[in-house]
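**Q** this one's structure only:
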């Protein structure tokens, strides 16, 4: 893969390095098949979120999962993965935004809002309405293309490997 030299590798940025040092993020090479598989799952979850027949709750969950899986694919192309401990979703979104602050700087706060809707709707069926569903899908529609572009910037070979979304 066409990766940056170690001196300019994004995993050496201070915020990324702090996550590695705290063992919340790990350096682990991922092959193109792994990155592509994560991206494919993200696109499939996005398609699920767009289904008209799915409940608001299901659409919000699927939109969130699509964003999370896309963030994992971005981390993977940079040779990074999250630990499985408490807060690993937050670390996924944080690290993805640290890798590409110019285009994904608002990824963490937006994902936290959607995660709150996702978690809240599991316990209170009336918490997630159509407006929340629309918000989650709009976030997903902005986030996936930006993450795909970031993956392709990191490794041009993914330009032909990853499906566009939408």
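**A** Yep, that arrived. Computed from a prediction, not measured in an experiment: that's the story for all the values here.
**Q** centre of the chain versus the longest helix belonging to the chain, how much separation?
**A** Of all the segments of type helix in the chain, defined by DSSP state H, the longest one is helix 130-154. Relative to its parent chain, helix 130-154 has a centroid offset of 9 Å by C-alpha atoms, centre = their mean, to the nearest Å.
**Q** which helices and strands sit right next to it?
**A** helix 32-50, helix 56-77, helix 88-99, helix 101-104, helix 107-123 (3 or more C-beta pairs under 8 Å, 6 or more residues apart in numbering; DSSP states H and E). Heads up, the C-betas are built off the backbone N, CA and C, glycines and all.
**Q** measure residue 66 to residue 147 for me?
**A** Going from residue 66 to residue 147 by C-beta to C-beta, to the nearest Å gives 10 Å.
**Q** one step back: looking at the helices and strands packed on helix 130-154, which has the lowest confidence?
**A** When those are compared by mean pLDDT, helix 107-123 comes last with a mean of 73.
**Q** what comes into contact with the longest helix of the chain?
**A** Contacts to helix 130-154, defined as C-beta atoms under 8 Å, 6 or more residues apart in numbering, come from residues 3, 10, 35, 39, 42-43, 46, 49-50, 56, 59-60, 63-64, 66-67, 70-71, 73-74, 77-78, 96, 99-100, 103-104, 107, 110-111, 113-114, 117, 121, 158-159, 162, 164-166.
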